[in-house]
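A.B. asks: sequence and predicted model, in that order:
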Amino acid sequence: MTADAAPAPARPDPAADATAQALRERFPALFDGPPRPLKLRIQADIQQRAPGVFTKAALSAFLRWYTMRTGYLLALTRQAQRFDLDGAPAGEIAVEHRQAAQDELARRRERQVQREAALQQQRRDRAELLRAYEGSSLTAANFCALKGIAPEALPALLEQARREAAERASAPQRPGPHRAGARPARPARSRS
């Protein structure tokens with residue numbers, strides 16, 4: 001796994017689902033339950049113990065999906081051993097494999113943080129757009145020209161901003177930064 005590795009594969013296609021189910025049935029000690037680090041070259045062991053059951057392509061696709069899942073990467077970072085088809089220890093996890101899993105997990109976390117920050121910024125931008133529109137005396141066409149927005153996009157942006165504002169208004173309020181049980185700040189006295 002490199003820093004520019006592909007994102008975690010999406011849920012496998014129906015053929016891969018069938019492969020997953022067949023592996024759980026044949027080798028429950030390894031494939032039933034939370035992901036466990038697989039023995040190196042496990043594909044050859046599967047083909048030897050279940051000849052003709054899985055095509056090489058189907059097994060490769062499943063193992064690629066399985067080993068790129070976040071749960072599997074976490075297992076690589078947390079466990080010391082790899083496991084064989086019977087669930088028995090099958091060798092220690094190499095330092096470089098553990099490090100590659102840690103690097104991929106860090107990359108995914110960073111990408112998630114960036115996505116969440118971008119979504120929050122888009123929400124703030126829509127809220128600001130709504131405030132500006134509602135406080136403006138411009139026509140919709142002039143407002144769009146001023147803001148650089150396509151006139152056909154404005155209604156959807158405003159509607160989404162209104163929905164988001166309603167969600168914020170109906171969401172339970174989080175306690176402020178003060179400690180639970182602490183007295184609220186006193187209002188400032190007027191100097192008259």
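C.D. replies: Alright, I've got the coordinates.

A.B. asks: from now on I want contacts and neighbour counts done on CA atoms only, so please keep to that.
C.D. replies: Fine.

A.B. asks: per-residue confidence for R183?
C.D. replies: Note for R183: predicted pLDDT of 55.

A.B. asks: check which residues of stretch 160-180 are buried.
C.D. replies: Q160, A161, E164, A165 (16 or more other C-alpha atoms under 10 Å).

A.B. asks: need the three-state assignment for the second one.
C.D. replies: When you say that, I think you mean A161. Classification of A161 by DSSP: H, G, I helix; E, B strand; the rest coil places it in helix.

A.B. asks: how about the contacts made by it?
C.D. replies: Counting by C-alpha atoms under 8 Å, 6 or more residues apart in numbering, A161 touches R123, R126, A127, L130.

A.B. asks: now, which of these lie within helices?
C.D. replies: R123, R126, A127, L130 (DSSP state H).

A.B. asks: can you tell me the closest non-neighbouring residue to the first one?
C.D. replies: For R123, the nearest residue in space outside its immediate sequence neighbours is A161; the separation is 7.2 Å by C-alpha to C-alpha, 6 or more residues apart in numbering.

A.B. asks: state the distance from the one you found to L119.
C.D. replies: Note on A161: its distance to L119, by C-alpha to C-alpha, to the nearest Å, is 13 Å.

A.B. asks: and if you look at E110?
C.D. replies: Counting by C-alpha to C-alpha - E110 and L119 are separated by 14 Å.
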